[in-house]
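# Task: produce atomic coordinates for the following.
(2 chains)
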Amino acid sequence: MSLDPRCALLLLLAYLAVLSSVPTGSHLLLASLCALPLLALSFSPLPKSEILAQAAYVLPFSFALAAIALLRGNLPQALFLLVRGYFSILAALLVTRWLTPLELLRALERLGAPRFLIIVTEFLLRYLDVLRKEADSLRLAALCRGGAHSRLIASSSLAMLFVRSLERSTAIHNSMLARGFRGQLPRPTPLLWRPLDSLSLLAGLSTLASLRFAL
Amino acid sequence: MHIPDGILSAPILGGFGLASSLGVLISAKRAESSTQPHRLPLLGVLGAFVFAAQMVNFPVGPGASGHLLGGALLAATIGPWAASITMTAILILQALLFQDGGVLALAANVFNMAFLGVWAAWLPFRSLSNKSLGLFLGAFLSVLLSALLALAQVSLSSGVLTRGLWLFCLALFTITGLIEATITLAAWQAIERLAGRSTTNPKPLRYALLSLSVVILFTGVFFASSAPDVLEYFQHQSGIAPSSAPFPSLMPDYEWALFDLNWLRKSAASLAGLLAVFGLSVLISRFVPRGQQ
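Next comes the predicted model:
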């Protein structure tokens, strides 16, 4: 069973919105909402322990706030901040690991994000690794020349990276023109919204609404 | 500065969600109309440049290094509308691929860094005739204001931040802002050098610093404390203070006896000291090889 990326993204946003609206003392509601991503994870083919560990990535930020709350003698609020932060990122991870970045961007576009923004993001995604490798080469070259602690070498490396980025963008545009680019990027595989997606979205939203208003 | 999910309250998320959505729509429209088709890949590649540039560490002090954040450099190179869109694209990928910042909190992060951060950098850069000074100030304000707004959002949502923590964070963000400003300016000047067109003229900055020093010299005496410094205080307290100076001093107690007025005596002594240090620095720079300085 595979959902349309738009449906998955909308369900994620609804879940995060409901989770962010939970008041501090509502333990039952918080526990029920926390159970939902765990349930989804148990049925998903994703690596469970890896996802659970990766979700702890957010903890340093939440932990700092929780520590402040704890120092002020508010243990329930400290725990609440930690739990809410952890399960928010767990839910986000489930969706972002399940869908590819391009599917996510396509879903954002179909949900109303400006096409120009999506195209810029796609270019960024495409050339992210290319420029990272360039930066890595420059860093290695600086290290080999003994310039690890030189501000001049660091700024020259950045400038060189910038100029190479400009050159790269010109080369990309020339290749696009050679492939018939006329100002619009084609979308070869449109997203397909099926009745199953409508049903899933309805079921998900009803569950969240009933939990939020019943508990 | 990237706020994760689970921290911000629903009203903050809703308010900044609306503001960011409007901002993205307007910026995308303005950036699209002002960007020629051949520059379309440039925005994405510059976004990737900012990601990659964050791998280049800058030495910023003894044992410490920092990296470029990039909002000010983007604003200075491609303008505020395109820079806002590029920063938004960076934040989207950071949230979706690297879990750096929340998915729902993306709206608040976009407002803080892609709009406030970029425009806070752009306005001084655009307004000041000295571009280096404008960029330095812009990069500093970009980081400081973005971080302070993020802190305000977190504080309003969680209500855990105290006045002391606010002051601590303000000091921390000021340092971060100065680091970003230094790195941005160094990168900008290197880009200018590499592009073979130096638009920066250091003379106005030197004159401004010189004028500021002279103003401080002549007005600082009115605000200075007349109490002894810590060392003198303990010398007097412990009774080991010398009864007279071991050798004759030209300007004892930082006063030049040539003048009658107290403030003028102190200011003249300070100015003489400043000129002596300047002269010594010039001599050192002339006679000591640069590599040994």
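# helix/strand/coil for residue B:160?
With DSSP: H, G, I helix; E, B strand; the rest coil as the basis, residue B:160 sits in coil.
# Please tell me I have it right and it contacts residue A:69.
Yes - the pair formed by residue B:160 and residue A:69 meets the contact definition of Cβ atoms under 8 Å, at 4.7 Å. C-beta coordinates here come from the backbone N, C-alpha and C atoms, glycine included.
# Return every residue with contacts to both of these two.
Taking Cβ atoms under 8 Å, 6 or more residues apart in numbering or on different chains as the contact rule, residue B:160 and residue A:69 both touch residue A:77.
# so how far is the first residue of stretch A:109-123 from its last?
The first and last residues of stretch A:109-123 sit 15 Å apart, counting by Cα to Cα, to the nearest Å.
# what do you get for stretch A:15-33?
8 Å.
# list the buried ones in whichever strand or helix holds residue A:97?
Using DSSP states H and E, the element containing residue A:97 is helix A:75-98. With burial defined by 16 or more other Cβ atoms under 10 Å in any protein chain shown, the residues of helix A:75-98 counted as buried are A:77-98.
# now, which of the residues you listed lie close to chain B?
Within the set of the buried residues of helix A:75-98, contact with chain B (Cβ under 8 Å from any Cβ of the partner chain) is found for A:77, A:81, A:84, A:85, A:86, A:87, A:88, A:89, A:92, A:93, A:95, A:96.
# Kindly indicate which of those residues lies nearest residue A:163.
Closest approach to residue A:163 among those (Cβ to Cβ): residue A:96, at 33.4 Å.
# Please give me every residue in contact with the spatially closest residue to the closest one that is not a sequence neighbour.
Nearest residue to residue A:96, sequence neighbours excluded (Cβ to Cβ, 6 or more residues apart in numbering or on different chains): residue B:96, at 5.2 Å. The contact partners of residue B:96, by Cβ under 8 Å, 6+ apart, come to A:96, A:101, A:104, B:103.
# cool, and residue A:197?
Residues counted as contacts of residue A:197 (Cβ under 8 Å, 6+ apart) are A:3, A:4, A:6, A:7.
# Let's see that with 7 Å instead.
A:3, A:4, A:7 (Cβ atoms under 7 Å, 6 or more residues apart in numbering or on different chains).
# State the mean pLDDT of the helix or strand it falls within.
According to DSSP H and E, residue A:197 maps onto helix A:195-214. For helix A:195-214, the mean pLDDT works out to 91.
# Tell me the buried residues in that helix?
For helix A:195-214, the neighbour count (16+ other Cβ under 10 Å) marks A:197, A:200, A:201, A:204, A:207, A:208, A:211, A:212 as buried.
# same deal with stretch B:256-275?
So for stretch B:256-275, counting by 16+ other Cβ under 10 Å, buried means B:256, B:265, B:266, B:267, B:268, B:269, B:270.
# Next: stretch B:23-36.
B:23, B:24, B:27, B:28, B:30, B:31, B:32, B:35.
# can you tell me which residues contact the residue of chain B found nearest chain A?
Scanning chain B for proximity to chain A using Cβ to the nearest Cβ identifies residue B:44 as nearest, at 2.2 Å. Contacts here follow Cβ under 7 Å, 6+ apart; on that basis residue B:44 touches A:120, A:122, A:123, A:124, A:127.
# which of the residues you listed tops the neighbour count?
Counting neighbours by other Cβ atoms under 10 Å in any protein chain shown, the top entry in the contacts of residue B:44 is residue A:120, with 30 neighbours.
# how deep is the nearest residue to residue B:99 once chain neighbours are set aside tucked in, by neighbour count?
Counting by Cβ to Cβ, 6+ apart, residue A:57 is the residue found nearest to residue B:99 once chain neighbours are left out, at 5.3 Å. By other Cβ under 10 Å, 15 other residues sit near residue A:57.
# Break chain A down into its structural domains.
A:5-107+A:193-214, A:115-178 (automatic domain parsing).
# now the last one: mean pLDDT?
In this case it means domain A:115-178. Regarding domain A:115-178, the rounded mean pLDDT is 83.
# Does it reach chain B?
Yes - residues of domain A:115-178 are located near chain B by Cβ under 7 Å from any Cβ of the partner chain, namely A:116-117, A:119-125, A:127-128, A:131-132, A:134-136, A:139, A:149, A:151, A:154-163, A:165, A:168-169, A:172-173.
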